[in-house]
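Engineer: no sequence for this one, just the structure:
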């Protein structure tokens, strides 16, 4: 069993990006600039956005954090998005989800220019992904693919079972892994809440990916010997022994499953750090695609 | 075993559309207008386009066929697309694929306004489909779904194995069947040329869909008793006993497989006619979406 160390890999990616940016700067080229829009003060969202801004600083990207109160109007938010679309200094930007209920998330996502949509949530980017055309790949699935690539995990012809059909992880990942690319060329089964015989399905998986947000859902009797296990779950579970009062728990019962696996991502330190690394990769790409 | 009679179902859909159009006309509303662009004189493409135009006439839609020689320049074709985008009289249009090699198909497809893309090939429409948002669904997958709906085939929780990952059938269909819709909510496995143990996989399928274009590829030993079989293949095979010299052969060995199945589409007369019916449904929808 080998751990897929996302933390270390993300660190390596940041170092590589840092070098690229510093070379660009020496050549008098533009510094990549990521903007992040945060509405309200939800603890989870704030800490995600803060981590993204911090990653920018570490690499040498410029970053701008734009905050609104949770009662901001949809119009004001859409105006801000349009401003960022039009700002030649901003290469890419994200609007941290979820948004308050009075704001139409789809409307906001659709208003972001596909050329600056470094989260890869715009329908245009998802459609291009499906067609294997250039565009921005959604950050978490792209991070998982990059982790597999760097650990040289063989995917061609492997049976990959993905549990969870969310728009930001399971569904796009099923597309990316089934395309004729490397990593890719998997036979992909997309399972979800309506799936019957989930255990039998999972037992067939050479690569098992869990993305449902149910702590310790995948147990050892669901896993084939030697399978690759990717755990996308990050649920906050109360833990009074920690100063902050909680710890992150994945969808996979690591203790039970790890001994049976060939490769496995821990939580935390597996998929999570790769998401931010993907966002940074996308930001540099946005600048290059826009010819700067 | 029951045949899924696509010919009859498509006929029924045309009748329903006919009534809708005639009611619209009585109310003084616009008549739906589909344009089709055909480049060159390939026999297959010509007969597909002719069938589409004929379906329009039968229903009472207006139709326009625009033909170019196979040496038309990309610019001329793109100009034609832009003209159709801007023409308020045209509700939807298609550019029949494949195009000659000197023309970039992606560029042409991307230039079509997503609001008039009744073939559902534009990345924006594919992305919206993935997100379960409104848009045009690709005609063949949408036709298959409609056929299942009208025959009241239970899909929720069923294991659906799709053979073939093409951009116009297998891949979008895998999305549509795995979404939380009805028909839908299947556990979907997308298989392709790199898949190992295809026979064992297919034997697990409650619903088996073949879309690879290999005559008689699916044989009885690949099929579970009582499975639903959808055959998307239409390969022209030489047949000197017929006046035209060929016959259409599906991906499924009908004679062997039919007795084991609960429902099965014949070739011809199964999925094929449903594709044109979907195109007609999309054209009416285009007009309504554009507020006419």
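Structural biologist: Arrived safely, thanks for sending. Just so we're clear, the structure is a prediction, and the values are computed from it rather than from any experiment.
Engineer: hey, let's count contacts and neighbours off CA atoms from now on
Structural biologist: Fine.
Engineer: now do the spatially closest residue to residue A:231 that is not a sequence neighbour: how many residues are near it, please.
Structural biologist: Distance criterion Cα to Cα, 6 or more residues apart in numbering or on different chains; nearest residue to residue A:231, sequence neighbours excluded, is residue A:210 at 5.2 Å. For residue A:210, the count of nearby residues is 23 (other Cα atoms under 10 Å in any protein chain shown).
Engineer: and the one 3 residues further on, by the same measure?
Structural biologist: For residue A:213, the number of neighbouring residues by other Cα under 10 Å comes to 18.
Engineer: picking up where we left off before, which strand residues bridge the residue nearest to residue A:231?
Structural biologist: For residue A:210, the beta-bridge partners are residue A:163, residue A:231 (DSSP bridges).
Engineer: check contacts around it.
Structural biologist: By Cα atoms under 8 Å, 6 or more residues apart in numbering or on different chains, the residues touching residue A:210 are A:162, A:163, A:164, A:218, A:230, A:231, A:232, A:233, A:251, A:252.
Engineer: residue A:228 versus that one, what's the distance?
Structural biologist: Distance, residue A:210 to residue A:228, using Cα to Cα, to the nearest Å: 11 Å.
Engineer: need phi/psi at residue A:33.
Structural biologist: Backbone geometry at residue A:33, expressed as degrees, to the nearest 10, gives phi -130, psi 120.
Engineer: OK, contacts around it?
Structural biologist: Residue A:33 makes contacts with A:61, A:62, A:63, A:64, A:89, A:90, A:91, A:92, A:283, as judged by Cα under 8 Å, 6+ apart.
Engineer: out of the residues you listed, who's nearest residue A:30?
Structural biologist: Nearest to residue A:30 among the contacts of residue A:33: residue A:89, at 8.8 Å, using Cα to Cα.
Engineer: state the distance from the closest one to residue A:50.
Structural biologist: In terms of Cα to Cα, residue A:89 sits 21 Å off from residue A:50.
Engineer: got it, and residue A:110?
Structural biologist: Residue A:110 is 24 Å from residue A:50, by Cα to Cα.
Engineer: how about the closest residue in space to residue A:287 that isn't next to it in sequence, what does it touch?
Structural biologist: Leaving out its chain neighbours, the residue that sits closest to residue A:287 by Cα to Cα, 6+ apart is residue A:91, at 5.2 Å. Each residue near residue A:91 by Cα under 8 Å, 6+ apart is listed here: A:32, A:33, A:34, A:116, A:283, A:284, A:286, A:287, A:290.
Engineer: can you rerun that using 7 Å?
Structural biologist: Neighbouring residues of residue A:91 by Cα atoms under 7 Å, 6 or more residues apart in numbering or on different chains: A:32, A:33, A:34, A:116, A:283, A:286, A:287.
Engineer: among the residues you listed, which ones are in helices?
Structural biologist: A:283, A:286, A:287 (DSSP state H).
Engineer: just give me the closest of the contacts of residue A:91 to chain B.
Structural biologist: Closest approach between the contacts of residue A:91 and chain B, by Cα to the nearest Cα: residue A:116, at 15.7 Å.
Engineer: measure how buried the residue nearest to the closest one when sequence neighbours are not counted is and give me the count.
Structural biologist: Residue nearest to residue A:116 in three dimensions, not counting chain neighbours: residue A:92, with 4.2 Å by Cα to Cα, 6+ apart. When neighbours are defined as other Cα under 10 Å, residue A:92 has 31 of them.
Engineer: and if you look at residue A:288?
Structural biologist: Residues near residue A:288, counting by other Cα under 10 Å, number 13.
Engineer: which residues touch the residue nearest the centre of chain A?
Structural biologist: Most central in chain A under Cα atoms, centre = their mean is residue A:140, positioned 1.6 Å from the mean C-alpha point. By Cα under 7 Å, 6+ apart, the contact set of residue A:140 is A:169, A:275.
Engineer: residue A:37 too?
Structural biologist: A:65, A:66, A:67, A:94, A:95, A:96.
Engineer: so what's the last one closest to, chain neighbours aside?
Structural biologist: Distance criterion Cα to Cα, 6+ apart; nearest residue to residue A:96, sequence neighbours excluded, is residue A:38 at 5.5 Å.
Engineer: quick one: contacts for the one you found?
Structural biologist: Contacts of residue A:38 (Cα under 7 Å, 6+ apart): A:66, A:67, A:68, A:95, A:96.
Engineer: most neighbours, which of those residues?
Structural biologist: residue A:95 (21 neighbours).
Engineer: and the closest residue to that residue other than its chain neighbours, what element?
Structural biologist: Counting by Cα to Cα, 6+ apart, residue A:37 is the residue found nearest to residue A:95 once chain neighbours are left out, at 4.7 Å. Using DSSP states H and E, residue A:37 sits in strand A:33-39.
Engineer: what pairs with that strand, and is each one parallel or antiparallel?
Structural biologist: Sheet pairing for strand A:33-39, using DSSP bridges, gives strand A:62-68 (parallel), strand A:92-95 (parallel).
Engineer: pull out the buried residues from stretch A:176-190.
Structural biologist: Neighbour counts over stretch A:176-190 (16 or more other Cα atoms under 10 Å in any protein chain shown) mark A:176-180, A:182-190 as buried.
Engineer: contacts with chain B among those residues, please.
Structural biologist: A:185, A:187, A:188, A:189, A:190 (Cα under 7 Å from any Cα of the partner chain).
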